[in-house]
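K.L.:
sequence below, structure please.
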Amino acid sequence: MRFARHGGPEVLSWDEVPVPQPGPGEVLVRVSAFAVNWADLLERAGRYPGAPAPPYVTGHDLTGVVEALGPGVSGPAVGTRVFGVIPRGGAAAEYVAAPAAQLYPVPETLSDAQAAGAAGPYLTADAAIVTMGRLAEGEDVLVHAAAGAYGSACVQLCRAYGAGRIIATAGSDAKTEQVRAWGADVAVNYTTTDFAEVVREVTGGRGVPLVLESVGGDVLGRSLECVSPGGRLVSVGASSGRSSSRFRLHTLFELGISVSGFTLGLWLEHHPELVRPSVERVLRLFAEGRAAPVVGRVFPAAEVAAAHEFLADRRSVGRTVVTMTPAP
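P.N.:
Okay, the predicted model is just below:
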């Protein structure tokens, strides 16, 4: 799946290209399914920093079966069902050659659709909560866009890791009900209610020790109002496509707030050893049934453009997935 120019979903096309050959440290994977995420939409539109110039094969999150090993690779073994995130892209294809270190065996508890979208949201959520956010047991947390892939992972992991009250935002009443079912104590429809006021009311005006933010723009700016003195805000993306104009340096040192950013792709490329603890924790939760990737909808390969539109319209609850396996 490639595009020759930037634009809307209409620029996407399936092209015939040679099957890649795995190089040193790589494995060849026959893709079963891949997820569509906000990075894919922004790359296609020409709004993602650092993305290569088109045409190139899109997609980052996938699941599939190992078909061949490249030089110097001892595993995962041929025939192993794997999942992972490919920072450089290429997941939206029948075959992809990817670094073996960026792929992990799929837990038996996950379907292909769940596995296709599991690594990105859950490894990012774990790092944001544990490594960057330093969540302590009993601490209150504000999770934005909680009905999405990353947000739903945050709600589940915060609950599993012993958070106090989980305050979650979502874009409709139906989504807030779903977020409560995943473990949120307070769910706010941000289209009708001021989430900052709710946080102040719930916490008695103090704010929360940890904010998990992925929207950017005004949401990021207003989230700084929700962090308690000495608290943390972790930003992992900007699905709004906008930065914030409401950042005051004084906010940091007057209240002792720490703000950090995290991008899973950078860690996978440059510090894979930092990702390993997240992998181990997340796989353990999947195996124990304490967390499960949420799939909003599965599209056939012929309808990738529709999958992009579905996600862009914010209709997805959880992950939007494309299957490469023909329907029976």
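K.L.:
got any ranges where the protein has weak pLDDT?
P.N.:
Filtered on pLDDT under 70, the chain yields the residue ranges 238-251, 326-328.
K.L.:
name all residues that make contact with the residue nearest the centre of it.
P.N.:
The chain has residue 121 as the residue nearest its centroid, 2.9 Å off, counting by C-alpha atoms, centre = their mean. Residues near residue 121 by C-beta atoms under 8 Å, 6 or more residues apart in numbering: 149, 150, 152, 153, 293, 319. Every residue, glycine included, has its C-beta placed from N, CA and C.
K.L.:
now residue 24
P.N.:
The contact partners of residue 24, by C-beta under 8 Å, 6+ apart, come to 70, 71, 72, 73.
K.L.:
the same query, at a cut-off of 6 Å, please.
P.N.:
By C-beta atoms under 6 Å, 6 or more residues apart in numbering, the contact set of residue 24 is 70, 71, 72.
K.L.:
what's across from residue 85 in the sheet?
P.N.:
Bridge pairing for residue 85 (DSSP bridges) gives the partners residue 61.
K.L.:
does the closest residue to residue 317 other than its chain neighbours count as helix, strand or coil?
P.N.:
Spatial nearest neighbour of residue 317, excluding adjacent residues (C-beta to C-beta, 6 or more residues apart in numbering): residue 296 at 4.6 Å. Using DSSP: H, G, I helix; E, B strand; the rest coil, the structure places residue 296 in strand.
K.L.:
just to check, residue 296 is in contact with residue 321?
P.N.:
No - with contacts defined as C-beta atoms under 6 Å, residue 296 does not count as touching residue 321, sitting 8.1 Å away.
K.L.:
more neighbours: these two, which one.
P.N.:
For residue 296 and residue 321, the more surrounded residue by other C-beta atoms under 10 Å is residue 321, and the numbers stand at 28 against 18.
K.L.:
next up, phi/psi of the closest residue in space to residue 294 that isn't next to it in sequence, please.
P.N.:
Leaving aside its sequence neighbours, residue 294 sits nearest to residue 318 (C-beta to C-beta, 6+ apart; 2.9 Å). Residue 318 adopts backbone torsions of phi 90, psi -150, taken as degrees, to the nearest 10.
K.L.:
can you get me a residue count around residue 318?
P.N.:
23.
K.L.:
and it, bridged to which residues?
P.N.:
Taking DSSP bridges as the rule, residue 318 bridges to residue 148.
K.L.:
cool, the one 5 residues further on as well?
P.N.:
For residue 323, the beta-bridge assignment (DSSP bridges) gives partners residue 33, residue 300.
K.L.:
pretty sure it contacts residue 33?
P.N.:
Yes - Residue 323 lies in contact with residue 33 (C-beta under 6 Å); the separation is 4.6 Å.
K.L.:
the more surrounded of the two?
P.N.:
Using other C-beta under 10 Å as the criterion, residue 323 and residue 33 rank with residue 33 on top: 26 against 18.
K.L.:
separation between the more buried one and residue 61?
P.N.:
Distance of residue 33 to residue 61, given as C-beta to C-beta, to the nearest Å: 9 Å.
K.L.:
partner strands of the helix or strand hosting residue 97 and their direction?
P.N.:
Applying DSSP states H and E as the criterion places residue 97 in strand 95-99. Applying DSSP bridges, strand 95-99 is found paired with strand 26-36 (antiparallel).
K.L.:
buried ones in whatever helix or strand comes next after the strand it pairs with, by neighbour count?
P.N.:
Per DSSP H and E, the first helix or strand lying C-terminal to strand 26-36 is helix 38-45. Using 16 or more other C-beta atoms under 10 Å as the test for burial, helix 38-45 gives 38, 39, 40, 41, 42, 43, 44, 45.
K.L.:
roughly how far is stretch 187-197 from the heart of the chain?
P.N.:
Per C-alpha atoms, centre = their mean, to the nearest Å, the displacement of stretch 187-197 from the mean C-alpha position of its chain is 22 Å.
K.L.:
now swap in stretch 3-14 and tell me
P.N.:
The chain centre lies 23 Å from the centre of stretch 3-14; the measure is C-alpha atoms, centre = their mean.
K.L.:
and the end-to-end length of it?
P.N.:
Its first and final residues considered, stretch 3-14 spans 9 Å by C-alpha to C-alpha, to the nearest Å.
K.L.:
same check, this time on stretch 87-94
P.N.:
Chord length of stretch 87-94, first to last residue, is 17 Å (C-alpha to C-alpha).
K.L.:
show me the protein divided up by domain.
P.N.:
2-118+293-323, 121-265 (automatic domain parsing).
K.L.:
in TSV, list the ones you listed along with distance to residue 285.
P.N.:
Listed next are the domains of the chain as TSV, based on distance: least, C-beta to C-beta, whole Å:
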stretch	distance to residue 285
domain 2-118+293-323	10
domain 121-265	6
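K.L.:
out of those domains, which is closest to residue 281?
P.N.:
domain 121-265 (5.6 Å; C-beta to C-beta).
K.L.:
for residue 48, what are its contacts?
P.N.:
Going by C-beta under 6 Å, 6+ apart, residue 48 touches 39, 42.
K.L.:
go on, residue 64?
P.N.:
Neighbouring residues of residue 64 by C-beta under 6 Å, 6+ apart: 29, 30, 31, 32.
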